[in-house]
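Peer 1: Pasting the sequence and the predicted coordinates here, then a few questions.
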Amino acid sequence: MNPVEAFDGCADTAVHPDKVRLASANAPDANEVARVSAVFKLLGDPTRTRLLYALLEAGELCVCDLAAATATAEATVSQALRLLRASGVVIGRREGRNIFYRLSDAHVRLLLDVTREHITHHVPAQFENGPEAAGGPASVWTIGLIDPPDAFESSRP
């Protein structure tokens with residue numbers, strides 16, 4: 001029997017009932033879990049993430065500037081911004097015929113910064129050396145959650 005199969009279930013109903021009660025008592029409700037998951041799903045698109053990083057660096061940009069900064073078609077940028085705006089991640093300010101977009105608040109900046117910090121410090125082999133990297137936890141693309149980084153580059157126009 002391999003080690004994973006040996007620990008596939010608990011002999012008791014709960015090994016640490018106090019910890020189970022604590023985890024259950026402080027768990028978010030189903031609505032909050034769905035909302036948090038929706039934010040991560042929104043950020044799970046490489047195009048939208050590139051747009052957010054451009055706004056993070058530049059502060060405020062219009063669609064044509066975002067398209068140029070991210071080497072993305074304006075129509076694709078507009079579609080991504082529509083979703084980001086509807087979810088409250090970015091806000092727009094009209095100036096003449098242009099709408100200038102920026103991150104909605106410091107929470108978005110913090111989320112991007114913390115995520116970047118996480119991948120830099122916790123899974124560098126997966127992001128620097130690709131799926132062939134030896135050792136460490138399985139990469140997110142090896143288990144099929146996302147495409148490897150080189151696939152992101154080839155998807156740019």
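Peer 2: That came through fine. Residues are numbered from 1 along each chain as shown.

Peer 1: Could you pull out the strands in this protein for me?
Peer 2: Listed in chain order, the strands of the chain (DSSP state E) span 61-62, 90-95, 98-103.

Peer 1: Most tightly packed of these?
Peer 2: The highest average neighbour count among the strands of the chain, using mean count of other C-beta atoms under 10 Å, belongs to strand 61-62 at a mean of 20. Backbone N, C-alpha and C define where each C-beta goes, glycine included.

Peer 1: Longest helix of the protein, counting residues only.
Peer 2: Assignment by DSSP state H gives helix 106-122 as the longest helix of the chain.

Peer 1: got the contact list for Val36?
Peer 2: Pro28 (C-beta atoms under 8 Å, 6 or more residues apart in numbering).

Peer 1: let me redo that: Thr49
Peer 2: Counted by C-beta under 8 Å, 6+ apart, Thr49 has contacts Leu43.

Peer 1: quick one: low-confidence ranges for this structure?
Peer 2: Residues of the chain meeting the criterion pLDDT under 70: 1-12, 122-157.

Peer 1: all helices in it, in order from the N-terminus.
Peer 2: Going by DSSP H, the chain shows helices at 3-6, 17-25, 30-43, 46-58, 63-70, 74-86, 106-122, 124-129, 149-154.

Peer 1: Save the ones you listed as JSON lines, and put in distance to Gly96 too.
Peer 2: Converted to JSON lines, the helices of the chain look like this (distance: least, C-beta to C-beta, whole Å):
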{"stretch": "helix 3-6", "distance to Gly96": "61"}
{"stretch": "helix 17-25", "distance to Gly96": "53"}
{"stretch": "helix 30-43", "distance to Gly96": "29"}
{"stretch": "helix 46-58", "distance to Gly96": "19"}
{"stretch": "helix 63-70", "distance to Gly96": "13"}
{"stretch": "helix 74-86", "distance to Gly96": "17"}
{"stretch": "helix 106-122", "distance to Gly96": "26"}
{"stretch": "helix 124-129", "distance to Gly96": "41"}
{"stretch": "helix 149-154", "distance to Gly96": "34"}
